[in-house]
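>>> Mind folding the following:
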Amino acid sequence: MTWFPAIRPALAAGMLATVLLASAVSAVAAPSSVPAAIDAPPSIDRAGVTPADRTPVPMPEELVQACLEVAGDIDPSLAEALRDLQQTDRRSFQEKLARNRHLSMLAQLRARDRSAYELKILEIQTDAAVTRLAGEARAAGRDGRERETRQLEQQLRWQVILQKGFQIREREEYLCRLEELVLRLQNEVEHLRVPGNFETEVDHRLDELLVGSDQPPSSRPADAEPPVHRVMPIAANGSGRAPAPLPGGQLSEDRIEQCLAVARDLDAQLAADLHRLRDTHREAFDRRLRRSHRLLALARLKERDPTLYDLKLLELNVDAEASRLAREVREAEAGERSAAVAGLIDQLRGQVIIQLGLSIRAREDHLARMRELVRRLGEKLDEEREPANFERAVDERMAELLNARPQAPRRLEPVSDDTGAALR
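Sure thing, here's the model as predicted:
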C-alpha cells in the first residue's frame, strides 16, 4: 500500500504486521457498532432526495442473498438479525435492503473485485472497532480504571492508525479516478480539435439530425436527454457509461424550484408543462423530475458554476435551433421542395458547427477545472502522507474520540462529477 511508509514511524519496533493484523481482527468483536454504521443513511443525498421519503424497490433474490453474505462478512450478528427479519417480516426486510445502498454496493464490489471488497470490509470493521474502543475507553476513564483505560487507549490508537491509513488509500484511489477522467476528457477534446475529426463529427451529427433523431425541447418529456451528440461521453461516475437512475423518493422543495428555474431557462413551454403537471398530478411530476438526470445536473451546475451553466444553456439553445432546421429539411424533402433543401442544409451545418464548437469550449473549461482539482488534491495528499502530519492527524483523532462526542470518519464520495454530467 502506498500509504504504509507514512505510518512506519508511528509503529514501535517489533510491532509491525502482527500488531496491525491483531488490531484488525479485534474489530470483528464489535457486533453492536457495525450494524449501526451500516444502517446510518445520510440525511439528504446529493440529488436532494430524503432517504425517509424514498420508495423502496424490491431487490432481485440473487442480490438479496449476496447482501446477506456481505452482512455475514461484516458481522455475523448483523446477518443473523437480517435473516430473522426476512423470516418474520418479508416486507420490512425488503424495505430495509432497498433503502440501504451500502450492502448492495458492497455485494457488487464483491462480485467485481474480491481483493478490493475484502479491504473494504476490513475498513468497515476498523471504523466499528474505533467507535467501540473509544466508548469503552471513555467509560473506563470516567470510572477511574486507569490501567484499563491505558490499555484501551493503546488498542484505540492502533485502530486509528489503520483508519487514517485507509483514508489516505481512499484518497489515492479517488485521485487516480479523477486523473483517468481528466485523461479521457483531454483525449476527447484533442480528438475534436483535429480539423479532419471535427468535420467528420459535423457530418455525423448532420446525418443524425437528418434521419429524424431530434425533437423540439417543448415536445420532449422532461426526463429525455437533449439531442446533443457527444464523442466519447464521460459519465458522472467516471465509468464511460450513463449514470445510474436516481433513487426514488421526494426531492427537496429547494431542488424542485431549482429544476423549474432551469426548465424556464431552457424552454418556456417545458417549464409551463412541468408547472401544470405539478399542480394536477404531483406524484407524476415527482417521478418525472426524479428521472430528469440532465435537469438535475444542470440545476446543480447553475448553483455551482453560473458561467459554465450559461455556456451550456447557449449550447442547448443552439441544439434546439439545429433540431428545428432538421425538421424543416425533412419537411421540404417530403414536399419535394428541392430548391429549399440545399439552403436549409447549409444553415443546419452552420448550427452544428457552432454546436460542436460550444461543446469543445465547455469541455475545455471543464478540463481546466478538473486539472486544478487534481493538482489541489494531489498536494493535499502529499501533505497527509508526511509522517509528522500523519502522526498529528492520529493525535487529533484520538483527542476527538476521547474528549468529545466522536464524529464519523470523513469519507470521500465516489467520483460523481455533476459538471461532467451536465456537459454530456
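>>> And the helices in the stretch 51-200 of the chain?
61-74, 76-88, 90-99, 101-112, 114-142, 146-193, 195-210 (DSSP state H, counting those that start in this stretch).
>>> out of those helices, nearest to residue 394?
helix 146-193 (5.3 Å; CB to CB). (C-beta placed from N, C-alpha, C; glycine too.)
>>> Relative to residue 368, which of the helices of the stretch 51-200 of the chain is closest?
Nearest to residue 368 among the helices of the stretch 51-200 of the chain is helix 146-193; the distance by CB to CB comes to 10.1 Å.
>>> Which neighbouring elements make contact with that closest one?
Judged by 3 or more CB pairs under 8 Å, 6 or more residues apart in numbering; DSSP states H and E, helix 146-193 is in contact with helix 4-7, helix 17-26, helix 114-142, helix 195-210, helix 338-385, helix 387-403.
>>> how does it look with 10 Å?
helix 4-7, helix 17-26, helix 114-142, helix 195-210, helix 338-385, helix 387-403, helix 418-423 (3 or more CB pairs under 10 Å, 6 or more residues apart in numbering; DSSP states H and E).
>>> which of these has the lowest average pLDDT?
Mean pLDDT is lowest for helix 17-26 among the helices and strands packed on helix 146-193, at a mean of 34.
>>> Columns mean neighbour count and distance to residue 262 on top of the helices of the stretch 51-200 of the chain, output as TSV?
Listed next are those as TSV, based on neighbours: other CB atoms under 10 Å; distance: least, CB to CB, whole Å:
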stretch	mean neighbour count	distance to residue 262
helix 61-74	18	34
helix 76-88	15	41
helix 90-99	16	28
helix 101-112	17	26
helix 114-142	19	36
helix 146-193	18	23
helix 195-210	16	24
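>>> could the ones you listed go into TSV alongside distance to residue 386?
Converted to TSV, these look like this (distance: least, CB to CB, whole Å):
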stretch	distance to residue 386
helix 61-74	32
helix 76-88	37
helix 90-99	41
helix 101-112	30
helix 114-142	22
helix 146-193	11
helix 195-210	44
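>>> Which of the ones you listed sits closest to residue 302?
Of all the helices of the stretch 51-200 of the chain, helix 146-193 comes closest under CB to CB, at 20.9 Å.
>>> so what's the residue lying farthest from the centre of the chain up against?
Relative to the centre of the chain, the most outlying C-alpha is that of residue 339, 50.9 Å out, by CA atoms, centre = their mean. Taking CB atoms under 10 Å, 6 or more residues apart in numbering, we find residue 339 in contact with residue 332.
>>> And it, how far from residue 100?
64 Å (CB to CB, to the nearest Å).
>>> Equivalent analysis for residue 93, please.
Distance from residue 93 to residue 100, by CB to CB: 11 Å.
>>> likewise residue 138?
As for residue 138, its distance to residue 100 is 28 Å (criterion: CB to CB).
>>> Domain-wise, how is this structure divided?
Residue ranges for the domains of the chain, per automatic domain parsing: 14-144, 177-211+318-424.
>>> Please identify which of those domains is closest to residue 300.
Closest to residue 300 of the domains of the chain is domain 177-211+318-424 (CB to CB; 4.3 Å).
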